[in-house]
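> next input, structure requested:
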Amino acid sequence: MVTGVQTCALPILAIEDSPTGVRSAVAAGVPTLAVPHVVSVPEMAGAVHLDSLAGLTPSRVAELGRQARASALAVS
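The predicted structure is shown next:
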C-alpha cells in the first residue's frame with residue numbers, strides 16, 4: 001500500500017526538448033509538447049510535436065494541452 005501520495009486535480013502539461021524528456025513525461029502519463037531545441041525529437045506516440053514555441057498564445061497552449069492529453073490517453 002502506498003501512503004502519502006497525492007494526486008493533482010489541476011491540468012498539467014510537460015514541455016520537453018529532448019527524446020529522453022519526452023519519453024519520461026509520456027511514460028509518467030503527463031500530456032507532453034515535444035519542441036526540439038539542441039537535438040531533434042522524433043515523433044512519439046503520446047506527445048504533440050511543435051517546431052517552436054514562438055508566437056504561441058495562452059489559448060493555443062491550452063488547445064495543444066487538450067490534444068496532448070488525448071494523445072496521452074490513447075497510449076495508456
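
> all helices of the chain, in order?
Applying DSSP state H to the chain gives helices spanning 19-27, 58-75.

> what lies in contact with the first one?
Here helix 19-27 makes contact (CB atoms under 8 Å, 6 or more residues apart in numbering) with 14, 16, 32, 34, 39, 41-42, 44-47, 72, 75. (C-beta placed from N, C-alpha, C; glycine too.)

> so what's the most centrally placed residue in the chain up against?
Taking CA atoms, centre = their mean, the centroid of the chain lies closest to T32, which sits 0.5 Å from it. By CB under 8 Å, 6+ apart, the residues touching T32 are 13-16, 22, 25-26, 46-48, 68, 72.

> repeat that for 7 Å
14, 16, 22, 25-26, 46-47, 68 (CB atoms under 7 Å, 6 or more residues apart in numbering).

> ok, so of these, who is nearest L53?
Nearest to L53 out of the contacts of T32 is E16 (CB to CB; 11.6 Å).

> give me the nearest residue to L53, chain neighbours excluded.
Of all residues not flanking L53 in the chain, V35 sits nearest, at 5.7 Å (CB to CB, 6 or more residues apart in numbering).

> what's the spacing between the one you found and P42?
As for V35, its distance to P42 is 13 Å (criterion: CB to CB, to the nearest Å).

> who's more crowded, these two?
V35 (20 against 10; other CB atoms under 10 Å).

> in contact with that one, which residues?
V35 neighbours (CB under 7 Å, 6+ apart): 15, 17, 50, 52-53.
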